[in-house]
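Asker: My questions are about this predicted structure, shown below with the sequence.
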Amino acid sequence: RFGIEGKLSAKDIKIVIVVSRFNEFINQELLNGAVDMYKRLGGEEKDLMIVKVPGAFEIPPVCAKIAEKGQADGILALGTVIKGATAHFDYVAGSAVNGLNRVSADYKVPVGFGVLTTDNIEQAIERAGTKAGNKGAEAMSAVIETVNVIRQIA
Ligand SMILES: O=c1[nH]c(NC[C@H](O)[C@H](O)[C@H](O)CO)c([N+](=O)[O-])c(=O)[nH]1
């Protein structure tokens, strides 16, 4: 059998969004875009849960717990890491992406990567619903599609 691809349908797909508060001016827009996309793809309120954490560094462990308890068909991680004066950016951004890769691999659960890692605030705003689109909406679409792919393989 060849040609597996995932439909862009959120029907009966349980999604948990884990969103961080740090840079919440941006993250609120990523969340708005993600929720809007979920509804547009036919997702229902009852199948969507939103979990807030302090910063991007705390996203992976919470995603791991959600995945371990089998509470979601797909997980969407939303956050914004903006390069500041310190090297903190590298550690936070690196730990977020490495941590999420582990969750996805360890629990075989699709994880949408909606964590912005930008050099400055302008770039973050561009990706949170202005000229470069909305990374939250894009990542939601990607995780929905991937859940539908996985369902055909299992
Ligand atoms: O989500 C972010 N957390 C950030 N730091 C906080 C980090 O995620 C943890 O919450 C904190 O270190 C406490 O564990 C950021 N910076 O420091 O720049 C950032 O840009 N984005």
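Answerer: Looks like it arrived, so ask away. Please read these numbers as outputs of a predicted model, since none were measured by experiment.
Asker: make it CA atoms for all contacts and neighbour counts henceforth
Answerer: Will do.
Asker: near the ligand at all, the helix or strand of the chain with the lowest mean pLDDT?
Answerer: Within the chain, confidence by mean pLDDT, DSSP states H and E is lowest for helix 88-107 among all helices and strands, at a mean of 94. Yes - using CA under 6 Å from any ligand atom, we find that helix 88-107 touches the ligand at 88-89, 92.
Asker: Helix or strand next in line after that helix, which one?
Answerer: Per DSSP states H and E, the first helix or strand lying C-terminal to helix 88-107 is strand 111-118.
Asker: Report the distance from that following strand to the chain centre.
Answerer: From the chain centre to the centre of strand 111-118 is a distance of 6 Å (CA atoms, centre = their mean, to the nearest Å).
Asker: counting contacts, what elements does the very next helix or strand once past that strand pack onto?
Answerer: Next along the chain after strand 111-118, taking DSSP H and E as the criterion, comes helix 121-126. The contact analysis (3 or more CA pairs under 8 Å, 6 or more residues apart in numbering; DSSP states H and E) places helix 121-126 against strand 74-82, strand 111-118.
Asker: want to throw those into CSV with mean pLDDT?
Answerer: Shown next, in CSV, are the helices and strands packed on helix 121-126 (pLDDT from 0 to 100):
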stretch, mean pLDDT
strand 74-82, 97
strand 111-118, 97
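Asker: on that earlier part again, mind checking which of the residues of helix 88-107 next to the ligand are buried?
Answerer: Using 16 or more other CA atoms under 10 Å as the burial test, the residues of helix 88-107 next to the ligand include 89, 92 as buried.
Asker: Nearest to residue 65 among the residues of helix 88-107 next to the ligand?
Answerer: Set against residue 65, the nearest of these by CA to CA is residue 92 (19.4 Å).
Asker: For the nearest residue to the closest one once chain neighbours are set aside, the count of nearby residues, please.
Answerer: Leaving aside its sequence neighbours, residue 92 sits nearest to residue 57 (CA to CA, 6 or more residues apart in numbering; 5.6 Å). The number of residues packed around residue 57, counting by other CA atoms under 10 Å, is 20.
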